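Asks: Next come a sequence and a model predicted from it.
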Amino acid sequence: MAENYLFFAVAGDNDADKDAVMFPRSKFLGGVSLTNTTLELNFNDRENAGPGNDSINATITAGEHKNVFDEFASLANSNRNNTNNFTVIKDMNDGLPSNEGAVSATGISKVSAVTITTG
Amino acid sequence: METYLYFRKFRPATFTSTQGSATQALTAVTAALIGGAVDAAGAKVASATEIASLSVVPADGANSAIGSNYTHPGAGVALTLATSAIRTVADSVITFDNSTQDSANGYTFEENDVITVTFQQGLETSVMYPASSFLGAEATATGSTTLRFKSLKGDGTDDIIVIAHDNTKFEDLVNGINAAISGNNHGGIITVIDAGDGVLKTTKELAGLGIDGMTIVLESGY
């Protein structure tokens, strides 16, 4: 099966460090709850320089950790052969182009903010 | 297609502490309710993020040592307390500010006051791993099986989930883990063990194995 590429972006121009990031799904390590309204998704450190792995801190609807994990899993498993397999997990930008496939998608609706941390 | 495994710690929906004396420390949440010793890493209640709300039912009709944000409700009537006045949460014991420590939201408990704590998802109460992060399982003690996963944080050691179950059930348990990983989950996640809100949910293969505890120890705390 072709690799799936998972995209995250904060709101804005996405032209500065940690504004947007894309990970291969195979680099996903798991997720963990942090508070009742936040969780963290972890990926292998892209730079392999440490310290620690890369992570996405997501603000979510209260208590919806399981459902967010479930929706993430569905999106992460959505890769198909002979497609570009670009999957928006969460893009906080408004005014995305319409009818542009994955590029138009804003991702998981129960996520209301993301913060990108890279090692 | 990757399989994802979901685990949630043993937590009651609510917990009640009846103050045996005038102390700000609630009684410890019992081992049976949290699926492990009250001071066990990965099982103990250790973060205020897990506390959704607290309320007190006063034993007496009056208590002058309460924060300015409260009005005493009278004996036997519940009063909601501010979670911001939680002083500490350690080894499954919640300690609340008295009215001197927090003159606005503190509340000085009296003997026989009844405090009810409602739990929610909080720091490291649930985790999800892709099956590809699973490193193996081992019988580490009688009635105890350890699952190892690649570290979420990547600081050098594995993440560990220890499951307490009936004696002699190791083979059944790892067979259940294998079934979860190898089964067709149609693109979603598998709830391996979810013991939140006082209700134990497992895969059907893990049902009947006497699972009554679980610790989740990430290799690096937050």
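Replies: Great, that's in hand. Residues are numbered from 1 along each chain as shown, chains lettered A, B, ... in the order given.
Asks: so what's the residue lying closest to A:L29 once chain neighbours are set aside bridging to?
Replies: Of all residues not flanking A:L29 in the chain, A:N42 sits nearest, at 4.5 Å (Cβ to Cβ, 6 or more residues apart in numbering or on different chains). (Each C-beta comes from the backbone N, C-alpha and C, glycine too.) Note on A:N42: beta-bridge partners A:G30, A:S55, judged by DSSP bridges.
Asks: Now do the helices in chain B.
Replies: Residue ranges of the helices in chain B, as given by DSSP state H, are B:31-34, B:170-182.
Asks: Those helices: which one's closest to chain A?
Replies: Nearest of the helices of chain B to chain A, taken as Cβ to the nearest Cβ: helix B:170-182 at 13.1 Å.
Asks: rewinding a little: JSON lines for the helices of chain B, including mean neighbour count, mean pLDDT and distance to B:E2?
Replies: Listed next are the helices of chain B as JSON lines, based on neighbours: other Cβ atoms under 10 Å in any protein chain shown; pLDDT from 0 to 100; distance: least, Cβ to Cβ, whole Å:
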{"stretch": "helix B:31-34", "mean neighbour count": "18", "mean pLDDT": "97", "distance to B:E2": "31"}
{"stretch": "helix B:170-182", "mean neighbour count": "17", "mean pLDDT": "95", "distance to B:E2": "10"}
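Asks: Would you mind putting those into a markdown table with distance to B:P12 alongside?
Replies: Formatted as a markdown table, these follow (distance: least, Cβ to Cβ, whole Å):
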| stretch | distance to B:P12 |
| --- | --- |
| helix B:31-34 | 5 |
| helix B:170-182 | 24 |
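Asks: what sits against B:N112?
Replies: B:N112 is in contact with B:18-19, B:59, counting by Cβ atoms under 8 Å, 6 or more residues apart in numbering or on different chains.
Asks: Now B:G156: closest residue in space, sequence neighbours ignored.
Replies: B:E219 (6.8 Å).
Asks: list the contacts for that neighbour?
Replies: By Cβ under 8 Å, 6+ apart, the residues touching B:E219 are B:151-153, B:155-160.
Asks: who wins for most neighbours among these?
Replies: Most neighbours among the contacts of B:E219, by other Cβ atoms under 10 Å in any protein chain shown: B:L152, with 27 neighbours.
Asks: Excluding residues flanking it in the chain, which one is nearest that one?
Replies: Counting by Cβ to Cβ, 6+ apart, the residue nearest B:L152 is A:N42, at 4.3 Å.
Asks: Now for residue 12, how many residues are close by?
Replies: You didn't pick a chain, so chain A it is. That count, for A:G12 with other Cβ under 10 Å as the rule, works out to 11.
Asks: that answer is for a different chain, and I need it for chain B
Replies: If we define neighbours as other Cβ under 10 Å, then B:P12 has 20 of them.
Asks: In strands only, show me the contacts of B:N112.
Replies: Here DSSP state E is the test, and the contacts of B:N112 give B:T18 as lying in strands.
Asks: from the contacts of B:N112, which is closest to B:S182?
Replies: B:T18 (47.9 Å; Cβ to Cβ).
Asks: I'd say the closest one and B:V114 touch.
Replies: Yes - contact criterion Cβ atoms under 8 Å: B:T18 and B:V114 qualify, at 5.1 Å.
Asks: quick one: which of those two has more around it?
Replies: Neighbour count, other Cβ under 10 Å: between B:T18 and B:V114, B:V114 has more, with 16 against 13.
Asks: so that one touches B:T16, yeah?
Replies: Yes - B:V114 lies in contact with B:T16 (Cβ under 8 Å); the separation is 6.2 Å.
Asks: any weak-confidence spans in the chain?
Replies: Just going to use chain A. Of all residues in chain A, none has pLDDT under 70.
Asks: if you could check chain B rather than the one you did, that'd help
Replies: Applying pLDDT under 70 to chain B flags residues B:184-187, B:221-222.
Asks: which residues touch residue 65?
Replies: No chain specified, so I'll use chain A. A:33, A:39, B:121, B:126 are the contacts of A:H65 under Cβ under 8 Å, 6+ apart.
Asks: Can you look at chain B instead?
Replies: Counting by Cβ under 8 Å, 6+ apart, B:A65 has contacts B:98-100, B:107-108.
Asks: ok, now A:P51?
Replies: Contacts of A:P51 by Cβ under 8 Å, 6+ apart are A:119, B:155.
Asks: how would you label it: helix, strand or coil?
Replies: Here A:P51 is coil, with the state taken from DSSP: H, G, I helix; E, B strand; the rest coil.
Asks: coming back round to it: please name whichever of the helices of chain B is nearest to B:G136.
Replies: Short answer: helix B:170-182, nearest of these by Cβ to Cβ, at 9.2 Å.
Asks: so does the closest one get close to chain A?
Replies: No - contact of helix B:170-182 with chain A (Cβ under 8 Å from any Cβ of the partner chain) is absent, the minimum separation being 13.1 Å.
Asks: Could you list the residues in contact with that helix?
Replies: B:3, B:5, B:131, B:134, B:137, B:139, B:145, B:147, B:163, B:165, B:190, B:192, B:202-203, B:205-206, B:209, B:211.
Asks: Could you show which parts of chain A are in contact with chain B?
Replies: Counting by Cβ under 8 Å from any Cβ, chain A sits next to chain B at A:1, A:25-26, A:28-36, A:40, A:42, A:44-45, A:50-53, A:62-63, A:65-66, A:69-70, A:73-74, A:76-78, A:119.
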